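A.B. asks: have a look at this prediction, sequence included:
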Amino acid sequence: MHPPSVDAIARELAKSFTLPHAVLVHCAREAVRDAPQDAQGVAQDNALHFSQSLLTTVVNGTGVLLHTNLGRAPLAMTDSHRPTNLEFNLANGERGSRHSSISELFGQLLNVEDAIVVNNNAAAVMLVLAALAEGRDVAVSRGESVEIGGGFRIPDVMEQSGARLVDVGTTNRTRLRDYERAIDSRKNDIALLLKVHPSNFSIEGFTEQTTISELATLEVPVVADIGSGLLDNTAPWLQGYLDNVPSWIAHEPAARQAIADGADLITFSGDKLLGGPQCGVIAGRADLVAQCAAHPLMRALRPGGHTLLALQNVLLSYSARTVCSQIPFWSMATTPLQELATRAERLIAATGVGTSVALDSLIGAGSAPGSTIASHGISLAGDQRAALRRHATPVIARTVANTTYIDLRSVHPDDDSIIIDAVNSLK
């Protein structure tokens, strides 16, 4: 008995998948090798598995606005065949710096002397420690010596940077005199005081923390890793969109306030509350930023032109106060509740199934832990997550007690038609 034809199976797969012919042949060949009696069915499964492993756009119906598994802050990307003046000075026609425009914009927005960008916030912390404290000691409160996620632990990053960790205080209470003792101890050579925002957890009860403004009274430079990238906790860009600044913003560490309180450097993520692309920002004193920029690690950690262009566009939106209309995260966060309820009713009317329900959206990505935003969406009977994920544009939902929920706060209105098609496909 001859084995099934690989080419015939690949041609049959092409009726269902738009993958390159070479990929379909690979899926078919593996199926013939592993399951010759059911090669067509196994090849179909192989091609489906391969398709679902590829990066693609999805509709986020989870209600988690900054969903780490879905790329955190959504951001519209524009494609162009043209290069950019990444390191070319248009004024004099000579080589320029890829950080010039970013530094100027952050300078205006945060009142900092200089800023540079690396590929994520873990890299930002690593570079600061390596450039400013290699072979020396860095004081960190025991309550801030944390693992934020994905194996990112402050002690490990410290070790890899070449700096030495000096724990101060206790897990729940750290006072200014704890840092003073560390600085005054003959055993230590303190180069920096590092204050870390825990991001994804909080300690409550019998607690005490030392503020940035208190640390700034000491003679050692203060580095504040604020994590989430909120630029200003007064949120001036919300004027005209919300009557009051939400509590989850007011209580979140913010870049402008950290600098005003006396931090010499701050580090934060670009793809969280800033609403930009994945990157890490180092901003503050020009001399310290220059040391980071001159370190050999900088070349390994620097972002590409597409990231910097996207970040520049986001910062220009902050300057123009068009954040809520142009940055998807802030558009989601400020959508009126009634608008979401109206969209839910329209979806139900278009599909003939589901129930309109009140929900609570999460900020996500370790930002504003424990805070929620009132939302609205639709519920569907049963666990429909797998079927929704198989739609041409996958819809990612959540299920509780055998009921599937699609939270519309995390869904762009333009994608309501996709949800309609996906729900109709369930019938």
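C.D. replies: Everything's here; your move. Computed from a predicted model, the values in this text were never measured in an experiment.

A.B. asks: ok, and the closest non-adjacent residue to residue 383?
C.D. replies: In this structure, residue 383 finds its nearest non-sequential neighbour in residue 399, 4.7 Å apart by Cβ to Cβ, 6 or more residues apart in numbering. Placement of C-beta: from N, CA and C, glycine included.

A.B. asks: give me the low-pLDDT residue ranges for this protein?
C.D. replies: 1, 78-79, 148-151, 199-204, 206 (pLDDT under 70).

A.B. asks: so what are the domain limits for it?
C.D. replies: Taking automatic domain parsing as the criterion, the chain consists of the domains 6-53, 59-74+330-424, 100-323.

A.B. asks: reformat the ones you listed as a markdown table; add distance to residue 85 and mean neighbour count.
C.D. replies: Below are the domains of the chain laid out as a markdown table (distance: least, Cβ to Cβ, whole Å; neighbours: other Cβ atoms under 10 Å):
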| stretch | distance to residue 85 | mean neighbour count |
| --- | --- | --- |
| domain 6-53 | 35 | 16 |
| domain 59-74+330-424 | 25 | 19 |
| domain 100-323 | 9 | 19 |
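
A.B. asks: any idea which of these gets closest to residue 82?
C.D. replies: domain 100-323 (11.1 Å; Cβ to Cβ).

A.B. asks: okay, how far is it across that closest one, tip to tip?
C.D. replies: The first residue of domain 100-323 is 22 Å away from its last residue (Cα to Cα, to the nearest Å).

A.B. asks: and it, how far out from the chain's middle?
C.D. replies: 15 Å (Cα atoms, centre = their mean, to the nearest Å).

A.B. asks: tell me which other helices or strands the helix or strand containing residue 399 touches.
C.D. replies: According to DSSP states H and E, residue 399 maps onto strand 398-400. For strand 398-400, the elements it packs on are strand 403-407, judged by 3 or more Cβ pairs under 8 Å, 6 or more residues apart in numbering; DSSP states H and E.

A.B. asks: moving C-terminal of the strand it packs on, what's the next helix or strand?
C.D. replies: helix 416-424.

A.B. asks: sorry, back to before: closest to residue 84 out of the domains of the chain?
C.D. replies: domain 100-323 (4.9 Å).

A.B. asks: now do the residue nearest to residue 383 against residue 128, distance only.
C.D. replies: Distance of residue 399 to residue 128, computed by Cβ to Cβ, to the nearest Å: 42 Å.

A.B. asks: where do the helices of the stretch 101-250 of the chain begin and end?
C.D. replies: 121-133, 154-161, 176-184, 212-215, 247-250 (DSSP state H, counting those that start in this stretch).

A.B. asks: which neighbouring elements make contact with the longest one?
C.D. replies: I take that to be helix 121-133. Against helix 121-133 (3+ Cβ pairs under 8 Å, 6+ apart) you get helix 154-161, strand 190-196, strand 222-227, strand 265-269, strand 280-284, helix 286-294, helix 297-301.

A.B. asks: could you check the angle strand 222-227 makes with the fourth one?
C.D. replies: Between the axis of strand 265-269 and that of strand 222-227 there is an angle of 10 degrees, by axes from the mean of the first three to the mean of the last three Cα atoms, to 10 degrees.

A.B. asks: with only the CA atoms kept, save strand 265-269 in CSV.
C.D. replies: Provided in CSV are the C-alpha atoms of strand 265-269 (Å, rounded to 0.1, in the frame of the first residue of the first chain):
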residue,chain,number,x,y,z
LEU,A,265,16.6,59.0,37.9
ILE,A,266,13.4,57.3,37.2
THR,A,267,12.7,54.1,35.1
PHE,A,268,9.4,52.9,33.8
SER,A,269,7.7,50.9,31.1
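
A.B. asks: show me where the stretch 251-400 of the chain has its strands.
C.D. replies: 265-269, 280-284, 355-364, 367-381, 395-396, 398-400 (DSSP state E, counting those that start in this stretch).

A.B. asks: that older thread, what does the strand holding residue 399 contact?
C.D. replies: 61-63, 383-385, 404-405, 407 (Cβ atoms under 8 Å, 6 or more residues apart in numbering).

A.B. asks: swap in stretch 340-353?
C.D. replies: 354-357, 375-378, 380, 408-409, 413, 416, 419-420, 423-424, 426-427.

A.B. asks: cool, stretch 76-91 as well?
C.D. replies: With contacts defined as Cβ under 8 Å, 6+ apart, stretch 76-91 is touched by 94-98, 100, 305-306, 308-310, 328.

A.B. asks: nearest to residue 245 among the residues you listed?
C.D. replies: When the contacts of stretch 76-91 are compared for distance to residue 245 (Cβ to Cβ), residue 328 wins out at 20.0 Å.

A.B. asks: quick one: contacts for that closest one?
C.D. replies: Applying Cβ under 8 Å, 6+ apart to residue 328 gives the contacts 73-76, 275, 412.

A.B. asks: related to what we said a few turns ago, would you reformat the contacts of strand 398-400 as CSV and include distance to residue 297?
C.D. replies: Below are the contacts of strand 398-400 laid out as CSV (distance: Cβ to Cβ, whole Å):
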residue, distance to residue 297
61, 39
62, 35
63, 38
383, 46
384, 46
385, 41
404, 45
405, 44
407, 40
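
A.B. asks: return the member of those nearest to residue 254.
C.D. replies: Among those, residue 63 lies closest to residue 254 (Cβ to Cβ), at 24.2 Å.

A.B. asks: from residue 331, how far out is the residue lying closest to that closest one once chain neighbours are set aside?
C.D. replies: Leaving aside its chain neighbours, residue 63 sits nearest to residue 407 (3.0 Å; criterion: Cβ to Cβ, 6+ apart). Distance check for residue 407 against residue 331: by Cβ to Cβ, it reads 15 Å.

A.B. asks: next: residue 174.
C.D. replies: From residue 174 over to residue 331 (counting by Cβ to Cβ), the distance is 38 Å.

A.B. asks: let me know which of the strands of the stretch 251-400 of the chain is the nearest to residue 154.
C.D. replies: Closest approach to residue 154 among those is made by strand 265-269 (12.0 Å; Cβ to Cβ).

A.B. asks: what strands line up against the closest one, and which way round?
C.D. replies: Partners of strand 265-269 in the sheet, by DSSP bridges, are strand 222-227 (parallel), strand 280-284 (antiparallel).

A.B. asks: got a list of contacts for the longest one?
C.D. replies: Outside of strand 222-227, the residues within contact range by Cβ under 8 Å, 6+ apart are 121, 124-125, 128, 132, 148, 192-197, 199, 212, 215-216, 253-255, 258, 262-269, 272, 366-367.

A.B. asks: what angle sits between it and helix 121-133?
C.D. replies: 170 degrees.

A.B. asks: next: the last one.
C.D. replies: In terms of direction (the same axes, to 10 degrees), strand 280-284 departs from helix 121-133 by 40 degrees.
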